[in-house]
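# Generate a structure from the sequence data that follows.
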Amino acid sequence: MDNTNSTQKNPANTNNTQSLREIDPSTWQRMPCMIRRRIDLTLADKLIYAYMLSQYKHFQALQKDYHENMEDIAKENGIGRRTVGDSVKRLTELGLITVFKKNVYNTSKSVVSYSYSVKDEYNVFKPSEKPRVDTTSKVKTVTSKKFNPMEDEDDYDPFA
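Numbering: from 1, shown residues only. Below is the predicted model:
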């Protein structure tokens, strides 16, 4: 058997990371631990939920509706279109996402457009709190005099 073209015939042997858009390799996606631990969701459901939540929040920040077709969601996540459809159906049944269907009429044919609302069930994207500043603590000022432990032994307190 000739193995010279086996990588061309078997996509599992290739670096199959082509995507719809360029992705910065240092980026990541948030996945809540509570979603990860749910046994009523498949791994694909969890992946699709995390992806769609991230996309929904991105579109929301732009003050736009989140529209994306299932083929693009499948390509972005490296899974099949049917798997995405099954996951979207399951996530909708569980109330984690809401699908809005709209008929868009073109001159040649009618097209169905879907938009999504994704529930941030576990507050993954909750607004970050501003850091609290403790104004009650006393801050010691540092003088320009260098500390010499041999001369200032009585003044030395490493925990002060």
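# List the buried residues in the host helix or strand of residue 99.
With secondary structure defined by DSSP states H and E, residue 99 is part of strand 97-105. Within strand 97-105, the residues that count as buried by 16 or more other CB atoms under 10 Å are residue 97. All C-beta atoms are positioned from the backbone trio N, CA, C, and that covers glycine.
# Stretch 83-94 now?
Applying a neighbour-count criterion of 16+ other CB under 10 Å, the buried positions in stretch 83-94 are 83, 84, 87, 88, 90, 91.
# Past the strand holding residue 99, which element shows up next along the chain?
Next along the chain after strand 97-105, with elements defined by DSSP H and E, is strand 110-118.
# which residues does residue 45 contact?
When contacts are counted by CB atoms under 8 Å, 6 or more residues apart in numbering, residue 45 touches 87, 90, 91.
# quick one: secondary structure of it?
The assignment at residue 45 comes out as helix when based on DSSP: H, G, I helix; E, B strand; the rest coil.
# Also residue 22?
At residue 22, secondary structure determined by three-state DSSP is coil.
# before we move on, the earlier item: which elements pack onto the strand holding residue 99?
Judged by 3 or more CB pairs under 8 Å, 6 or more residues apart in numbering; DSSP states H and E, strand 97-105 is in contact with helix 81-93, strand 110-118.
# would a markdown table of the contacts of residue 45 with pLDDT and distance to residue 113 be doable?
What follows is the contacts of residue 45, written out as a markdown table (pLDDT from 0 to 100; distance: CB to CB, whole Å):
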| residue | pLDDT | distance to residue 113 |
| --- | --- | --- |
| 87 | 97 | 19 |
| 90 | 97 | 22 |
| 91 | 97 | 19 |
